[in-house]
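# Give me the fold of what follows.
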Amino acid sequence: MDPEFKALIDTLLNSPNDSDRANAARTLGQYVHDLSDEEYEAAKKALDKAMTDSNPMVLMAAMGAMPKFNRKTDSDDDMVLHGDDKDDILPPERAVCAVCGRPEALIPDGGCERDDCPYK
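This next block holds a predicted model:
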């Protein structure tokens, strides 16, 4: 890792000066696209820890930087989303009851109050 990057992480995690910690968090957010994968993961972990900082200025700086860390990496804690395939999405006409017009997700177990409800 780059020595300047290491110093920035050390400042964020260990500096007694609140302003220096906040500046380190903001700087990580500004240069996120320049980080190697290893630096990216280290920065993400350091910012996550900074989210528990007792100083609101540091907390806000970390919160401002975190949304910029959206690069997909191979780490184990990355979320994998399912259900966005064409076959997983119901067409609008199948997402509602043909009888009462309610969304299928809102029809109670056992069907609605109508006698001709297909969900009974």
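# Counting neighbours, what do you get for the residue lying closest to Lys44 once chain neighbours are set aside?
In this structure, Lys44 finds its nearest non-sequential neighbour in Phe69, 5.0 Å apart by CB to CB, 6 or more residues apart in numbering. (C-beta placed from N, C-alpha, C; glycine too.) Per other CB atoms under 10 Å, the neighbour tally for Phe69 reads 17.
# Give me the nearest residue to Leu12, chain neighbours excluded.
Per CB to CB, 6+ apart, closest to Leu12 is Ala24, 3.9 Å.
# Let me see the contact set for the one you found.
8-9, 11-12, 15 (CB atoms under 8 Å, 6 or more residues apart in numbering).
# Would you convert these into JSON lines that also reports pLDDT, distance to Leu47 and secondary structure?
Converted to JSON lines, these look like this (pLDDT from 0 to 100; distance: CB to CB, whole Å; DSSP: H, G, I helix; E, B strand; the rest coil):
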{"residue": "Leu8", "pLDDT": "91", "distance to Leu47": "11", "secondary structure": "helix"}
{"residue": "Ile9", "pLDDT": "93", "distance to Leu47": "10", "secondary structure": "helix"}
{"residue": "Thr11", "pLDDT": "94", "distance to Leu47": "13", "secondary structure": "helix"}
{"residue": "Leu12", "pLDDT": "93", "distance to Leu47": "7", "secondary structure": "helix"}
{"residue": "Ser15", "pLDDT": "95", "distance to Leu47": "14", "secondary structure": "coil"}
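# Cool, thanks, signing off.
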